[in-house]
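> Predicted structure and sequence below. I'll ask about it afterward.
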Amino acid sequence: MTYGLFGKFTAQPGKRDELVGYFLRVAELLERDPGCIQYMVSTSSDPDAVYVSEVWTDQVAHDASLETEDIRALIPEARPLIAGMSEQTHLTVHGARAPRTPRRGNRLRESGTLRPLACLDRRRKPSVHS
């Protein structure tokens, strides 16, 4: 079953952009993870809030991603930037609108610059059994 996770992190005052940078580094690392379908980092008008939305092939894939050496190395670096984590919702994903362009061509427009969407559209093709 496809697994989703939505979390809200509160950055230390004035540290939101730095925290976003760490989550974007995680997104880059997840580019090579076949279990990651989507990893999206967002902010809102709240000056300290960072939202992370994830979709995985299953919870086992998500949990395994947290054990990789490169991501484990980022966690203690980012932890001092986090004042709290007020919301975390575990989801069962039933479907979504697929991107219109190939995965490598997807971009987010942020402050006039383009950024790649990490892990977008890494859906596994269903196998057909006779």
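Received it, and whenever you're ready, just let me know what you need.

> Ramachandran coordinates for residue 43?
Note on residue 43: backbone dihedrals following degrees, to the nearest 10 are phi -130, psi 170.

> what separates the residue nearest to it when sequence neighbours are not counted from residue 97, distance-wise?
Excluding its sequence neighbours, the residue lying closest to residue 43 (C-beta to C-beta, 6 or more residues apart in numbering) is residue 50, at 5.9 Å. From N, CA and C alone the C-beta is placed, and that goes for glycine too. Per C-beta to C-beta, to the nearest Å, residue 50 is found 24 Å from residue 97.

> So those two - more neighbours on which side?
Counted by other C-beta atoms under 10 Å, residue 50 and residue 97 do not tie: residue 50 has more neighbours, with 24 against 5.

> related to what we said a few turns ago, check contacts around the residue nearest to residue 43.
Counting by C-beta atoms under 8 Å, 6 or more residues apart in numbering, residue 50 touches 8, 9, 10, 11, 16, 19, 20, 23, 41, 42, 43.

> what sits up against the helix or strand hosting the first one?
Remark: residue 8 resides in strand 3-11, with elements defined by DSSP states H and E. The set of residues that contact strand 3-11 without belonging to it, under C-beta under 8 Å, 6+ apart, is 18-19, 48-59, 61-62, 81-93.

> Can you lay out the contacts of residue 50 as a markdown table showing neighbour count?
Rendered in a markdown table, the data for the contacts of residue 50 read as follows (neighbours: other C-beta atoms under 10 Å):
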| residue | neighbour count |
| --- | --- |
| 8 | 17 |
| 9 | 23 |
| 10 | 18 |
| 11 | 23 |
| 16 | 19 |
| 19 | 23 |
| 20 | 19 |
| 23 | 19 |
| 41 | 23 |
| 42 | 14 |
| 43 | 16 |
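
> Between those residues, which sits nearest residue 75?
For the contacts of residue 50, the residue nearest residue 75 by C-beta to C-beta is residue 23; the value is 11.3 Å.
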